[in-house]
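>>> Return a 3D structure for these sequence lines:
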Amino acid sequence: MNWPHTAWSTACSAQLQHRVWWSDRVLAPGNSAFAAALAQVHGNCVAFIDSGVAQCWPQLSHELMDAFAALQQTSMASATITAHAPTNNSFQHGTDSVEACNPVLAHIEIIPGGEACKDGLQYAQCVAKICFDHGVSRHGAVIAIGGGAVLDAVGFGAAIAHRGVRMIRVPTTTLAQDDSAMGVKCGVNMFGHKNALGCFATPWAVLCDEQFLSTLPLQHWLGGFSEAVKIALLKDAPLFEQLETCATHIVSRDMKVAAPILQRSAWLHREHIVNGGDPFEVGSARPLDHGHWSAHRLEALSSFAVPHGQAVSIGIALDACLAVELNLLDQSVAARIIRLLQSLQLPVWHSLLESTQEIFHGLEQFRQHLGGNFAIPLLTAIGTSHEVTRISAQDFRKAISMLRTLAVSTGI
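Below you'll find the predicted structure:
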């Protein structure tokens with residue numbers, strides 16, 4: 001039998017719900033944001049805590065257990081009221097069924113923080129196995145408490161278990177709160193490449209709590225503001241000016257000044273993902289990756305000795321110089337950008353940039369990552385950008401030379 005030529009094509013859209021709460025002491029028993037995030041979660045849950053966070057917050061595991069216990073008590077009280085209500089639909093099966101429906105914390109695991117947990121599949125597989133070992137279903141949840149790397153690795157493990165277990169993120173660094181926790185991606189490093197394996201998986205909930213930022217080492221505190229600079233350069237000139245005005249307060253860790261900037265950065269990142277028209281990056285445009293192609297290459301070449309936030313800062317400075325070389329941006333604006341990064345005590349230069357060919361190879365890796373079509377956003381002014389589809393090796397070498405000069409002339 002010869003099949004007739006047939007083609008089926010239907011445009012489908014999946015509803016994307018992206019929920020974020022900012023709250024004080026988000027894991028304290030009775031916290032309304034925590035209760036809301038788990039309101040539709042049923043059955044067993046497991047939690048993974050960044051080892052650095054666990055060290056700084058030794059009571060965190062107990063707080064999390066108490067938070068789940070408070071949810072049980074609230075539900076038991078509600079069930080008791082329902083059971084005594086004079087209605088034909090009164091609850092018939094006692095407290096066992098209530099407990100079966102409510103979220104239950106079945107296990108807590110401490111895992112390494114930083115890029116160590118993203119090095120290969122070990123910890124992602126660990127997450128998936130623990131889900132099976134402790135009976136976590138697709139209606140349960142995996143809770144990740146830590147920095148962006150932990151959210152990435154744990155998120156990937158949750159995404160591949162049962163083809164997707166609900167993921168609740170509790171970001172504990174500036175970088176995670178103002179950028180990575182807002183995203184819909186997760187993954188691990190493999191084959192010498194950053195985020196070589198991963199997937200898109202929208203978090204069930206994101207719970208941000210500024211108390212975790214108080215124990216960050218200064219380097220990690222400052223690193224997250226590189227993402228705030230990036231999103232300001234792309235989308236919000238007034239935010240860039242605010243960063244210039246507030247840089248000294250940010251360096252001194254003034255949370256009253258820093259918190260609104262972190263929240264604004266988070267909102268802009270989330271807004272682009274939710275309303276930018278391409279949350280799962282089907283197309284080639286990647287505006288949020290400004291400064292990132294070289295940052296990822298620097299991280300890999302340094303064996304991740306250069307933290308992501310600091311690498312992004314260098315990448316932003318390099319992209320500003322590239323924009324000048326391509327006649328998109330005035331050099332005075334590039335110098336202004338570099339001054340801001342330096343005033344935030346973020347690096348704009350690394351000796352690895354002298355390995356021009358090795359860094360330039362990052363462009364080819366980025367092109368492959370995009371699927372063959374090269375496109376990176378470069379600035380035309382503060383707050384606006386233009387998609388560039390070609391950068392020559394000569395332009396790149398000139399940008400490196402310019403950055404070396406500006407890095408010295410503007411400050412550090």
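
>>> Low-confidence stretches in the stretch 251-400 of the chain?
Within the stretch 251-400 of the chain, the segments meeting pLDDT under 70 span 283-285, 369-373.

>>> switch the cut-off to 90
Filtered on pLDDT under 90, the stretch 251-400 of the chain yields the residue ranges 273-289, 291-294, 296-297, 300, 303-304, 354-376, 387-393.

>>> Quick one: the strands in it, in order.
376-381, 384-388 (DSSP state E, counting those that start in this stretch).

>>> ok, now which ones touch the closest residue to Leu301 other than its chain neighbours?
Spatial nearest neighbour of Leu301, excluding adjacent residues (C-beta to C-beta, 6 or more residues apart in numbering): Leu352 at 5.3 Å. Where you see a C-beta, it was placed from the backbone N, CA and C, and this is true even at glycine. Contacts of Leu352 were listed using C-beta atoms under 8 Å, 6 or more residues apart in numbering, and they are 298, 301-302, 306, 358-359.

>>> in stretch 55-74, what counts as buried?
Buried residues in stretch 55-74, counted by 16 or more other C-beta atoms under 10 Å: 57, 60-61, 64, 67-68, 70-72.

>>> For PyMOL, what selects the buried ones among the contacts of Leu352?
To isolate in PyMOL the members of the contacts of Leu352 that are buried, counting by 16+ other C-beta under 10 Å, one can use:
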select buried, resi 298+301+306+359
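
>>> Could you save the contacts of Leu352 as a markdown table and add columns showing distance to Val251?
Output for those, formatted as a markdown table (distance: C-beta to C-beta, whole Å):
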| residue | distance to Val251 |
| --- | --- |
| Leu298 | 23 |
| Leu301 | 28 |
| Ser302 | 24 |
| Val306 | 20 |
| Glu358 | 32 |
| Ile359 | 28 |
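
>>> Skipping its backbone neighbours, what lies nearest the residue nearest the centre of the chain in space?
Nearest to the geometric centre of the chain sits Ser180, at 1.1 Å (C-alpha atoms, centre = their mean). Leaving aside its sequence neighbours, Ser180 sits nearest to Gly148 (C-beta to C-beta, 6+ apart; 3.7 Å).

>>> Could I get the pLDDT score of the one you found?
We have a pLDDT of 95 for Gly148.

>>> residues contacting it?
By C-beta under 8 Å, 6+ apart, Gly148 lies in contact with 171, 173, 175-176, 179-181, 308.

>>> follow-up on the earlier one: gap between the residue nearest to Leu301 and Leu318?
Distance, Leu352 to Leu318, using C-beta to C-beta, to the nearest Å: 11 Å.

>>> ditto for Ala7
Taking C-beta to C-beta as the measure, Ala7 falls 46 Å from Leu318.

>>> From the neighbour counts alone, determine which of those two ranks first.
Leu318 (26 against 4; other C-beta atoms under 10 Å).

>>> Which residue is the nearest non-sequential neighbour of that one?
Nearest to Leu318 is Ser294, by C-beta to C-beta, 6+ apart, at 5.3 Å.

>>> who's in contact with the one you found?
311, 314-315, 318-319, 359, 362.
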